[in-house]
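Visitor: The amino acid sequence is not available; the structure is as follows:
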């Protein structure tokens with residue numbers, strides 16, 4: 001089994017980082033929602049919509065033939081733009097009103113959904129280009145996602161504390 005290249009290590013490292021940041025933001029969103037509304041139902045509805053909306057948009061775009069391959073740089077740009085929007089919203093204390101909370105939840109949900117979909121697509125392209133065996137690609141991707149999710153949950157909890 002040959003070792004994976006630097007670009008693949010960088011890619012899987014970025015998968016872990018994006019997953020960690022997404023999870024940390026999600027943990028913050030959970031607690032902010034519960035603190036402001038006191039209702040887990042509100043949180044559940046907003047999170048459901050925040051994932052169903054981008055999923056529906058993606059399906060609609062694919063049916064119209066607008067679905068094109070996403071590049072790694074586009075994923076990075078999308079992530080940075082989304083994180084900047086969420087950071088700006090938090091800086092102006094937008095989570096303390098319903099409209100601001102819903103907008104932030106929609107951005108976080110869409111960002112997480114599209115980022116994960118794009119990263120999985122890029123992983124598939126690496127596999128199809130024979131840069132990495134499919135079994136190894138799946139293991140590395142899952143490991144990066146798990147490390148990122150656990151690290152992000154811990155980071156989110158630490159920042160809240």
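Guide: Thanks, I have it. All values derive from a computational prediction rather than experimental measurement. Residues are numbered from 1 along each chain as shown.

Visitor: tell me which helix or strand of this structure sits lowest on mean pLDDT?
Guide: Lowest mean confidence among the helices and strands of the chain (mean pLDDT, DSSP states H and E): helix 40-63, at a mean of 77.

Visitor: tell me which residues in that helix are buried?
Guide: Across helix 40-63, burial judged by 16 or more other Cβ atoms under 10 Å covers 42, 43, 46, 47, 50, 51, 54, 58. C-beta coordinates here come from the backbone N, C-alpha and C atoms, glycine included.

Visitor: Quick check: closest non-adjacent residue to the second one.
Guide: Closest residue to residue 43 apart from its sequence neighbours, by Cβ to Cβ, 6 or more residues apart in numbering: residue 33 at 4.1 Å.

Visitor: measure the one you found to residue 104 for me?
Guide: Between residue 33 and residue 104 the computed distance is 10 Å (Cβ to Cβ, to the nearest Å).

Visitor: the more surrounded of those two?
Guide: Neighbour count, other Cβ atoms under 10 Å: between residue 33 and residue 104, residue 104 has more, with 24 against 21.

Visitor: tell me the centre residue of this structure?
Guide: With distances taken as Cα atoms, centre = their mean, residue 112 lies nearest the centre of the chain, 2.3 Å away.

Visitor: What sits closest to that one if chain neighbours are left out?
Guide: residue 22 (4.5 Å).

Visitor: With residue 133 instead?
Guide: Excluding the flanking residues, the one nearest residue 133 by Cβ to Cβ, 6+ apart is residue 127, at 7.4 Å.

Visitor: hang on, the earlier thing: count of neighbours near the residue nearest to residue 112?
Guide: Residue 22: 24 neighbours (other Cβ under 10 Å).

Visitor: Could I get the contacting residues of it?
Guide: Contact partners of residue 22, counting by Cβ atoms under 8 Å, 6 or more residues apart in numbering, are 108, 111, 112, 115, 116, 148, 152.
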